[in-house]
Every structure is written in C-alpha cells, then in structure tokens.
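Chemist: give me a 3D structure for the following:
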Amino acid sequence: MAAFDMRLQDLHNQLNNKQLTVTDLVDESYRRIAETEPKVRAFITLDEENARKQAAELDKTLQAGGDRGLLFGLPAGIKDNIVTEGLLTTCASQFLRNYNPIFDATVTKKLKAAQSVTIGKLNMDEFAMGGSNENSGFHPSYNPWNTERVPGGSSGGSAATVAARQVYFALGSDTGGS
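Modeler: All right, here's what the predicted structure looks like:
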C-alpha cells in the first residue's frame, strides 16, 4: 500500500469511495511503527488494541455512507503532554508513568469528534522543557532520516513519527519555542 505517498485529499476520497478502509490505514501505521520504531523511538505509549477496535467501528460508519471530514479515519500521534482519557499521559516523566487521565484535553475531544484514530502517545522532552528531545524520562527520540541526529524541539516525537511515516499527522505543543 502506498497510502503514505498519497495527499490527504486523495486518502479522503479513497475512504469515501470505499477503495480504502480505516483498518487499512491503521494496519499500515502499525506496520511502519514495527519497522521503524526500534531506531526512531518516537512513541512512549502505543494504543494498538483500541486503535484497531476504533478502526473497525469507523469502517462500519464508512459503509453506511455519507461524506466524512478530512481527518476521518486518519491515524494520529499525540504528544504525551496532551491529556487523553483512558490512555497514559506521562509528560515523558517517570514521575507520571502511571497517570491515566479521566478526561480529555479540548484538542483530544475535537480529534475524537473528527473521528481520527489515536495510535499512541509521542515522546518529548520531560515536561516539554528542552529543545532536543534527548531529555525524556523514558528514552531519546531520533531523526528517522539520520539517527545520529535528534529530531529537535520538545515535540521531537511528533516530528519524528511523521517524518518516519508512522502516522498521517501528529500533535505537538509549543512550551518555550518548540
């Protein structure tokens, strides 16, 4: 599948024309993650079981017809300082390694309303304080084009996952110039 070679509008059209399923997109994301993550290390937490369950539900919605928004069914990564109900939010800190939020951030609610699929939570500098993505409480992230280099910024996991073609888009944040 060459889904990562397609423009967003082309993916959207193929989904609406039932030439592609959300499950296809999620499968491709996890295939790429399995292939690249050992070197890139963009993720702190993956949510494969829920992502696959959501993809199956969205495929049913897709079969029912009707036009969908541009983010419908697209696998996404979320920076680990953005709160996600029921999915660990650690801020890349061992201090919060078991924090499982009971609510969603506004942007997370909006992604759910747009029916995108959360693949997992992305690495970052601990508490978003840093500029290289080497200061995570879990592990550094690496630039997928040259693993001798860092992706930069506190949102380095977000940059690295998109550059590695693991997800179709990712959320980051700007704390101090990211």
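Chemist: roughly how far apart are the spatially most central residue of the chain and G137?
Modeler: Centroid-nearest residue in the chain: G77, 1.0 Å away (criterion: Cα atoms, centre = their mean). Here the distance between G77 and G137 works out to 18 Å (Cβ to Cβ, to the nearest Å). No exception for glycine: its C-beta is placed from N, CA and C like everyone else's.
Chemist: just P38 next, same as before
Modeler: 19 Å.
Chemist: repeat that for F72.
Modeler: Going from F72 to G137 by Cβ to Cβ gives 34 Å.
Chemist: where does this protein have low pLDDT?
Modeler: Scanning the chain for pLDDT under 70 picks out 1, 176-178.
Chemist: chain center to the longest helix seen in it: distance?
Modeler: Across the chain, the longest stretch assigned as helix under DSSP state H is helix 22-40. Relative to its parent chain, helix 22-40 has a centroid offset of 11 Å by Cα atoms, centre = their mean, to the nearest Å.
Chemist: over to stretch 48-62?
Modeler: Chain-centre distance of stretch 48-62: 15 Å, with Cα atoms, centre = their mean.
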